[in-house]
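Asks: I'll drop the sequence and a predicted model, then ask my questions.
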Amino acid sequence: MTVPFNPNDATCCDGIFGLPHTADDAGVILVPVPFDATTSYRQGTADGPETILEASWQVDLRDVETGDPWKHGIVMLPEPEHIVRLNEEARALAAPIQEQEDEEPNEDALARVNAISEEVADWTRGQVEHWLDRNKLVGIIGGDHASPLGAILALANRNPGLGVLHIDAHADLRVAYQGFTQSHASIMHNVLERAPGVHRIAQVGIRDLCDAEMDVIQHSERVRCWYDNDLARAQFEGRTFASMTEEIVASLPERVWISFDIDGLDPSLCPNTGTPVPGGLSFQQASYLVGAVARSGRRIVGFDLCEVAPGIDPTGIDGIVGARILYKLIGWMLLSTK
């Protein structure tokens, strides 16, 4: 006999958040992309999807802000084994390049890593297009922040004039990093170059960048940046976070993709992420910002959540925070589509 699903005790299933849904009956499809080959400081974000999945089983399903997102059906697809294998190959090739910065890199190895990264992007784009064609809402669970490139390209193609709300400690506007053209440090550069349908990238929480990235921010009409120190100083001097959020949201067009690197948060909430940086948003600020997009009448057409890593922290805080940010992203996305 099949036991009816009880949302007050959602521990009967091993799906995301303990839910029993299938891809056929779910309204939201989560695509895991366990790839972190070009992570430059410390690896582990390829384990992000599994880390979030396991932590999600402890998330209560009634959300005070967004209601009952689970009722729309949420499924995280199985981790793709061929992406895991490609990541292992690319990691092995990338490691010597990353560890020998003063020596000439192996050009063949570099080319192969870049080719693998392009293959991952193509696969991700195909997955997203497949589910969009079936009228599903789609989220990407990385992996490092290179993971969602194909997804953003797919949504920009279908939504000309798309906006990207980019929550991150880093600007990710490098042409390449350590020779890797699809580095996690280059995702927003690649969006600018390859997604002409993206009208605006609104960056929030940025606090670690290079001169070249600053130059792009200062001279590109498609990029606006709210630096972390400016947000903090404004609040110290009496301005409300709500007023700054209103300004951020006003810069975005009608349709928005949210690109959420977990290191955009205070690192006490994600101590094991690949490149943690002091400062950042609180959990409540991040949810308020995403919620403001939905409340404004704009439509959240999809999202990515990247750079969650398990590490050795016995508290498991990275997964705990990642799973709850994920539920907020899903909830606000669903509310924005009503």
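Replies: Everything's here; your move. Numbering: from 1, shown residues only.
Asks: all contacts plus neighbour counts: C-alpha atoms, from now on.
Replies: Will do.
Asks: Select the longest helix from this structure.
Replies: helix 107-132 (DSSP state H).
Asks: Wait, G311 touches G44, no?
Replies: Yes - look at G311 against G44 with Cα atoms under 8 Å: they come within range, at 7.0 Å.
Asks: which neighbours do these two share?
Replies: Residues touching both G311 and G44 by Cα atoms under 8 Å, 6 or more residues apart in numbering: T273.
Asks: Let me see the mean pLDDT of whichever strand or helix holds H199.
Replies: Assigned by DSSP states H and E, H199 falls within strand 198-206. Strand 198-206 shows an average pLDDT of 98 in the prediction.
Asks: With stretch 242-251 instead?
Replies: 98.
Asks: before we move on, back to that, against which helices or strands is the strand holding H199 packed?
Replies: Here strand 198-206 touches strand 162-167, strand 223-227, helix 228-236, going by 3 or more Cα pairs under 8 Å, 6 or more residues apart in numbering; DSSP states H and E.
Asks: Sheet-wise, list the partners of that strand with their directions.
Replies: Paired neighbours of strand 198-206 in the sheet (DSSP bridges): strand 162-167 (parallel), strand 223-227 (parallel).
Asks: Show me what whichever helix or strand comes after that strand is packed up against.
Replies: Using DSSP H and E, the helix or strand that follows strand 198-206 towards the C-terminus is helix 211-219. Where contact means 3+ Cα pairs under 8 Å, 6+ apart, helix 211-219 is packed against strand 223-227.
Asks: mind listing the helices for the stretch 201-338 of the chain?
Replies: Ranges of helices in the stretch 201-338 of the chain, per DSSP state H, counting those that start in this stretch, are 211-219, 228-236, 241-250, 283-295, 317-336.
Asks: which one of those is the most hemmed in?
Replies: The highest average neighbour count among the helices of the stretch 201-338 of the chain, using mean count of other Cα atoms under 10 Å, belongs to helix 317-336 at a mean of 23.
Asks: May I see the helices and strands packed on strand 198-206 arranged in TSV, with mean pLDDT as well?
Replies: Shown next, in TSV, are the helices and strands packed on strand 198-206 (pLDDT from 0 to 100):
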stretch	mean pLDDT
strand 162-167	98
strand 223-227	98
helix 228-236	97
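Asks: Which among these is found nearest to N8?
Replies: N8 lies closest to strand 162-167 among those, at 31.9 Å (Cα to Cα).
Asks: to the chain's geometric centre, what's the distance from that closest one?
Replies: Centre-to-centre, strand 162-167 and its host chain are 11 Å apart (Cα atoms, centre = their mean, to the nearest Å).
Asks: Make 512 the first number, not 1, from now on.
Replies: All right, first residue 512 from here; so that's strand 673-678.
Asks: CA atoms only for the helix or strand that that strand is followed by - export them in CSV, please.
Replies: As assigned by DSSP H and E, the chain's next helix or strand after strand 673-678 is helix 698-705. Extracted in CSV, the C-alpha atoms of helix 698-705 (Å, rounded to 0.1, in the frame of the first residue of the first chain):
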residue,chain,number,x,y,z
ILE,A,698,31.0,33.5,-16.3
MET,A,699,29.7,37.1,-16.6
HIS,A,700,32.3,38.0,-19.3
ASN,A,701,31.0,35.0,-21.3
VAL,A,702,27.4,36.1,-20.8
LEU,A,703,28.2,39.6,-22.1
GLU,A,704,30.1,38.1,-25.1
ARG,A,705,27.8,35.2,-26.0
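Asks: Now do the strand holding H710 against helix 722-730, angle only.
Replies: Going by axes from the mean of the first three to the mean of the last three Cα atoms, to 10 degrees, strand 709-717 is angled at 120 degrees with respect to helix 722-730.
Asks: hey, C-alpha coordinates of strand 709-717 in PDB?
Replies: C-alpha atoms of strand 709-717 as PDB (Å, rounded to 0.1, in the frame of the first residue of the first chain):
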ATOM      1  CA  VAL A 709      21.000  39.900 -21.900                       C
ATOM      2  CA  HIS A 710      20.200  43.600 -21.500                       C
ATOM      3  CA  ARG A 711      21.500  44.100 -18.000                       C
ATOM      4  CA  ILE A 712      23.700  42.400 -15.400                       C
ATOM      5  CA  ALA A 713      23.000  43.800 -11.900                       C
ATOM      6  CA  GLN A 714      25.800  42.700  -9.600                       C
ATOM      7  CA  VAL A 715      25.300  42.800  -5.900                       C
ATOM      8  CA  GLY A 716      27.800  42.100  -3.100                       C
ATOM      9  CA  ILE A 717      30.900  42.400  -5.200                       C
END
